[in-house]
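Novice: Let's see this in three dimensions:
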Amino acid sequence: MSLTAIIICLYNSDIFITLNTTEESHDLKVQANIDLPMPNREIIPIEDEDDIYIYEEEEEIDELESYLEERRSNIKVKPLDYWTINRDRYPILSLLVRRYLQIPATSAPSERFFSLGALIINKLRNRLSKDTFEEISLLKSWGFIFDLKKRRRR
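Specialist: Numbers count the residues shown, from 1 in each chain. Model prediction:
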(Lines give C-alpha, C1' and ligand atoms only; values in the text may rest on other atoms or scores of the structure.)
Protein backbone atom coordinates (compact mmCIF):
# COMPACT_ATOMS: atom_id res chain seq x y z
CA MET A 1 0.00 0.00 0.00
CA SER A 2 1.46 3.38 -0.96
CA LEU A 3 2.00 6.22 1.50
CA THR A 4 -0.68 8.24 -0.27
CA ALA A 5 -3.19 5.39 0.10
CA ILE A 6 -2.35 5.06 3.80
CA ILE A 7 -2.83 8.80 4.37
CA ILE A 8 -6.15 8.74 2.50
CA CYS A 9 -7.39 5.74 4.54
CA LEU A 10 -6.28 7.35 7.79
CA TYR A 11 -7.82 10.65 6.76
CA ASN A 12 -11.15 9.10 5.73
CA SER A 13 -11.46 6.82 8.75
CA ASP A 14 -10.51 9.47 11.29
CA ILE A 15 -12.17 12.57 9.84
CA PHE A 16 -15.45 12.10 11.71
CA ILE A 17 -13.70 11.40 15.02
CA THR A 18 -11.37 14.37 14.54
CA LEU A 19 -14.17 16.76 13.69
CA ASN A 20 -16.19 15.77 16.74
CA THR A 21 -13.51 15.75 19.43
CA THR A 22 -11.58 18.35 21.34
CA GLU A 23 -7.84 18.09 20.97
CA GLU A 24 -5.46 19.55 23.54
CA SER A 25 -1.89 20.29 22.58
CA HIS A 26 0.30 22.35 24.92
CA ASP A 27 -1.77 25.35 26.01
CA LEU A 28 -3.76 25.47 22.78
CA LYS A 29 -7.30 24.08 22.92
CA VAL A 30 -9.01 23.52 19.57
CA GLN A 31 -12.68 22.64 19.14
CA ALA A 32 -12.44 20.85 15.83
CA ASN A 33 -16.09 20.75 14.86
CA ILE A 34 -16.64 24.51 14.73
CA ASP A 35 -14.92 27.45 13.09
CA LEU A 36 -12.56 25.48 10.87
CA PRO A 37 -11.20 27.89 8.30
CA MET A 38 -12.09 26.69 4.84
CA PRO A 39 -10.79 28.13 1.59
CA ASN A 40 -12.90 30.75 -0.15
CA ARG A 41 -15.27 29.01 -2.51
CA GLU A 42 -18.10 29.83 -4.80
CA ILE A 43 -21.44 29.44 -3.01
CA ILE A 44 -23.27 26.37 -4.25
CA PRO A 45 -27.05 26.19 -3.89
CA ILE A 46 -28.02 23.34 -1.57
CA GLU A 47 -31.30 21.61 -2.34
CA ASP A 48 -31.41 18.80 0.23
CA GLU A 49 -29.40 17.18 3.04
CA ASP A 50 -27.46 14.93 0.65
CA ASP A 51 -26.07 18.01 -1.09
CA ILE A 52 -24.74 19.30 2.25
CA TYR A 53 -22.94 16.02 2.95
CA ILE A 54 -21.40 15.87 -0.53
CA TYR A 55 -20.27 19.51 -0.36
CA GLU A 56 -18.60 19.03 3.05
CA GLU A 57 -16.90 15.84 1.88
CA GLU A 58 -15.54 17.63 -1.20
CA GLU A 59 -14.04 20.36 1.01
CA GLU A 60 -12.33 17.78 3.22
CA ILE A 61 -10.92 15.85 0.25
CA ASP A 62 -9.81 19.09 -1.40
CA GLU A 63 -7.69 19.82 1.68
CA LEU A 64 -6.00 16.42 1.47
CA GLU A 65 -5.54 16.63 -2.29
CA SER A 66 -4.06 20.12 -2.10
CA TYR A 67 -1.58 18.91 0.53
CA LEU A 68 -0.59 15.87 -1.53
CA GLU A 69 -0.22 17.98 -4.68
CA GLU A 70 1.79 20.69 -2.92
CA ARG A 71 5.23 21.19 -4.39
CA ARG A 72 7.96 20.21 -1.93
CA SER A 73 10.79 22.67 -1.47
CA ASN A 74 14.44 21.84 -0.95
CA ILE A 75 14.53 23.97 2.19
CA LYS A 76 14.84 21.91 5.36
CA VAL A 77 11.80 22.65 7.53
CA LYS A 78 11.11 20.94 10.82
CA PRO A 79 7.75 19.11 10.75
CA LEU A 80 6.47 20.94 13.84
CA ASP A 81 7.32 24.30 12.26
CA TYR A 82 5.67 23.30 8.97
CA TRP A 83 2.38 22.31 10.63
CA THR A 84 2.41 25.39 12.87
CA ILE A 85 2.80 27.62 9.82
CA ASN A 86 0.19 25.72 7.75
CA ARG A 87 -2.44 24.91 10.38
CA ASP A 88 -4.83 27.51 8.92
CA ARG A 89 -4.27 26.16 5.43
CA TYR A 90 -4.76 22.50 6.43
CA PRO A 91 -6.84 22.57 9.64
CA ILE A 92 -8.05 18.96 9.57
CA LEU A 93 -4.71 17.48 8.54
CA SER A 94 -2.93 19.47 11.25
CA LEU A 95 -5.25 17.92 13.84
CA LEU A 96 -4.45 14.45 12.49
CA VAL A 97 -0.73 15.20 12.59
CA ARG A 98 -0.96 16.31 16.21
CA ARG A 99 -2.88 13.16 17.09
CA TYR A 100 -0.67 10.57 15.34
CA LEU A 101 2.79 12.11 15.20
CA GLN A 102 3.09 13.33 18.76
CA ILE A 103 5.79 11.96 21.02
CA PRO A 104 4.74 11.16 24.59
CA ALA A 105 6.54 13.21 27.25
CA THR A 106 7.44 10.04 29.15
CA SER A 107 7.89 6.39 28.33
CA ALA A 108 5.24 5.40 30.89
CA PRO A 109 2.46 4.63 28.35
CA SER A 110 4.66 2.24 26.36
CA GLU A 111 6.06 0.64 29.53
CA ARG A 112 2.52 0.19 30.85
CA PHE A 113 1.51 -1.47 27.58
CA PHE A 114 4.45 -3.92 27.71
CA SER A 115 3.71 -4.73 31.37
CA LEU A 116 0.17 -5.53 30.31
CA GLY A 117 1.58 -8.28 28.07
CA ALA A 118 3.08 -10.05 31.07
CA LEU A 119 -0.34 -10.06 32.71
CA ILE A 120 -2.02 -11.55 29.64
CA ILE A 121 0.41 -14.38 28.89
CA ASN A 122 0.76 -16.68 31.88
CA LYS A 123 1.02 -20.44 32.55
CA LEU A 124 -2.60 -21.01 31.56
CA ARG A 125 -2.50 -18.87 28.41
CA ASN A 126 0.93 -19.59 26.96
CA ARG A 127 -0.42 -20.86 23.62
CA LEU A 128 -2.21 -17.70 22.48
CA SER A 129 -1.63 -16.80 18.86
CA LYS A 130 0.07 -13.52 18.04
CA ASP A 131 -3.16 -12.04 16.65
CA THR A 132 -5.23 -13.05 19.68
CA PHE A 133 -2.58 -11.61 22.01
CA GLU A 134 -2.60 -8.29 20.10
CA GLU A 135 -6.40 -8.12 20.19
CA ILE A 136 -6.58 -8.84 23.93
CA SER A 137 -3.80 -6.31 24.61
CA LEU A 138 -5.56 -3.55 22.69
CA LEU A 139 -8.98 -4.28 24.18
CA LYS A 140 -7.50 -4.29 27.68
CA SER A 141 -5.53 -1.06 27.14
CA TRP A 142 -8.64 0.66 25.75
CA GLY A 143 -10.63 -0.36 28.82
CA PHE A 144 -12.96 -2.91 27.21
CA ILE A 145 -11.62 -5.81 29.30
CA PHE A 146 -11.42 -5.42 33.06
CA ASP A 147 -9.55 -7.44 35.66
CA LEU A 148 -12.21 -9.42 37.55
CA LYS A 149 -10.11 -9.62 40.74
CA LYS A 150 -9.93 -5.81 40.96
CA ARG A 151 -13.67 -5.46 40.34
CA ARG A 152 -14.54 -7.97 43.12
CA ARG A 153 -12.47 -6.06 45.71
CA ARG A 154 -14.42 -2.84 45.19
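Novice: What ranges does this protein have for its strands?
Specialist: Chain-ordered strands for the chain, with DSSP state E as the definition, fall at 22-25, 28-31.
Novice: mean pLDDT for these: which is lowest?
Specialist: If the strands of the chain are sorted by mean pLDDT, strand 28-31 sits at the bottom with a mean of 35.
Novice: mind listing the helices in the chain by residue range?
Specialist: In the chain, the segments counted as helices under DSSP state H are 3-19, 49-69, 79-85, 91-100, 108-120, 130-141, 148-153.
Novice: and the last one, average pLDDT?
Specialist: Right, the one you point to is helix 148-153. In this model, helix 148-153 carries a mean pLDDT of 56.
Novice: How is the protein partitioned into domains?
Specialist: Segmentation of the chain into domains, based on automatic domain parsing, reads 3-100, 108-153.
Novice: Please point out the stretch among these with the lowest average pLDDT.
Specialist: Note on those: lowest mean pLDDT is at domain 3-100, with a mean of 63.
Novice: how many other residues sit next to Arg112?
Specialist: The number of residues packed around Arg112, counting by other Cβ atoms under 10 Å, is 10. C-beta: built from backbone N, CA, C; applies to glycine.
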